[in-house]
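> Here is a sequence together with a model predicted from it:
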Amino acid sequence: MESYVIIPTYNERGNIGPILEQIFSVVPETYILVVDDNSPDGTQEVVRELQTRYPKLWLLARPEKLGLGKAYVNAFNYLKEKECEGVFVTMDADFSHDPAALPGLLAAAENHGLVIGSRYVRGGSIVHWEFWRRFLSYGANFYYRIITRIPVKDLTTGYTAMQSRALWQLDLSSLNASGYAFLFELKYRSWKSGVPLIEIPITFSERRLGNSKVSMHIIYENFIVPWRLLLKN
């Protein structure tokens, strides 16, 4: 089954080259789609230079910063238009998600519609995170589960692998969360659509370079999205 790794970026010049090279060293047969929001730091230039060495490296350049959720929806539509089928992986560019976990995610996706790389199942862990980040993450996951009753422990992880045929069951135009709440929305809509889910343990690390992109707007959106989804249902 073909695999496609989707990596949204904004100002990841210092991380993008090493992460791409490591992914290709772990799963050389995969395709990688970088979705960049017109990073002013030259992220796109690094990707274009690497494209001369890696023919399976694609770049989707967007005109401005439009948010994580829209980056993934644009990527899904891009792959759909190219008639790509197989497993779509979502992951970060900053080494928070270890490329060494990719083979396990892809193997699990052979038999499950959505594989969730989980920090909160047995064997999963978080390293080098400050207390407030852990508190927000635990709190958000507890909040989502209490409201929606979804049987998933890590609803805010961005490291997932999803079969394209499961993704196409969803109405992509209905995925409206712009920030990190999209990570929950995708899992929730998949669950409600009957997509088989499984969580497998991963180790999540603090980003190597750059700053976290968590903002008050992102926290606010995380608060309202589950209620919006419940009202729609």
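The structure has been received and is ready for your questions.
> Give me the below-cutoff pLDDT ranges for the chain.
207-222, 233 (pLDDT under 70).
> Quick one: end-to-end length of stretch 146-153, please.
11 Å (C-alpha to C-alpha, to the nearest Å).
> Check which residues of it are buried.
If you call a residue buried by 16 or more other C-beta atoms under 10 Å, then stretch 146-153 has these buried ones: Thr148, Ile150, Val152, Lys153. Every residue, glycine included, has its C-beta placed from N, CA and C.
> any idea how far the second one is from Pro99?
Going from Ile150 to Pro99 by C-beta to C-beta, to the nearest Å gives 28 Å.
> which residues touch stretch 112-119?
Under the criterion C-beta atoms under 8 Å, 6 or more residues apart in numbering, residues 97, 101, 105, 108-109, 124-126, 137, 152-154, 157, 159-163, 165-166, 187, 190, 195-204 lie in contact with stretch 112-119.
> Helices along the chain, start to end?
Assigned by DSSP state H, the helices in the chain fall at 13-26, 43-51, 68-81, 102-108, 131-148, 164-167, 181-192, 216-232.
> CA atoms only for the first one, dumped as CSV, please.
Just to be clear, that refers to helix 13-26. Only the C-alpha atoms of helix 13-26 are listed here, as CSV (Å, rounded to 0.1, in the frame of the first residue of the first chain):
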residue,chain,number,x,y,z
ARG,A,13,13.7,26.1,8.0
GLY,A,14,15.9,24.6,10.7
ASN,A,15,13.9,21.4,11.0
ILE,A,16,12.5,20.6,7.6
GLY,A,17,15.7,19.4,5.9
PRO,A,18,16.7,17.0,8.6
ILE,A,19,13.2,15.7,9.2
LEU,A,20,12.7,15.0,5.5
GLU,A,21,16.0,13.2,5.1
GLN,A,22,15.3,11.1,8.2
ILE,A,23,11.8,10.1,7.0
PHE,A,24,13.2,9.0,3.6
SER,A,25,15.9,7.0,5.4
VAL,A,26,13.2,5.2,7.4
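> Let me know how buried Arg145 is, in neighbour terms.
Arg145: 15 surrounding residues under other C-beta atoms under 10 Å.
> That one touches Asp154, doesn't it?
No: applying C-beta atoms under 8 Å, one finds Arg145 not in contact with Asp154, separated by 10.3 Å.
> State the distance from the closest residue in space to Ser125 that isn't next to it in sequence to Ile126.
Excluding its sequence neighbours, the residue lying closest to Ser125 (C-beta to C-beta, 6 or more residues apart in numbering) is Thr203, at 4.9 Å. In this structure, Thr203 and Ile126 are 8 Å apart, going by C-beta to C-beta.
> just Asp36 next, same as before
In this view, Asp36 and Ile126 are 27 Å apart by C-beta to C-beta.
> count of residues packed around Thr160?
Neighbours of Thr160 (other C-beta under 10 Å): 26.
> tell me the contacts of it?
By C-beta under 8 Å, 6+ apart, the residues touching Thr160 are Val89, Thr90, Leu105, Leu114, Val115, Ile116, Gly117, Leu186, Lys187.
> Of those residues, just say which sits nearest to Ala61.
Thr90 (18.6 Å; C-beta to C-beta).
> check contacts around that closest one.
By C-beta under 8 Å, 6+ apart, the contact set of Thr90 is Ile6, Tyr72, Gly158, Tyr159, Thr160, Ala161, Met162, Leu183.
> Isn't the third one up against Ala181?
This means Gly158. No: in this structure Gly158 lies outside contact range of Ala181 using C-beta under 8 Å: 11.5 Å.
> out of those two, which sits in the more crowded spot?
Set Gly158 next to Ala181 and count neighbours by other C-beta under 10 Å: Ala181 wins out with 29 against 19.
> Check the gap between that one and Trp227 for me.
Look at Ala181 and Trp227: by C-beta to C-beta, they are 11 Å apart.
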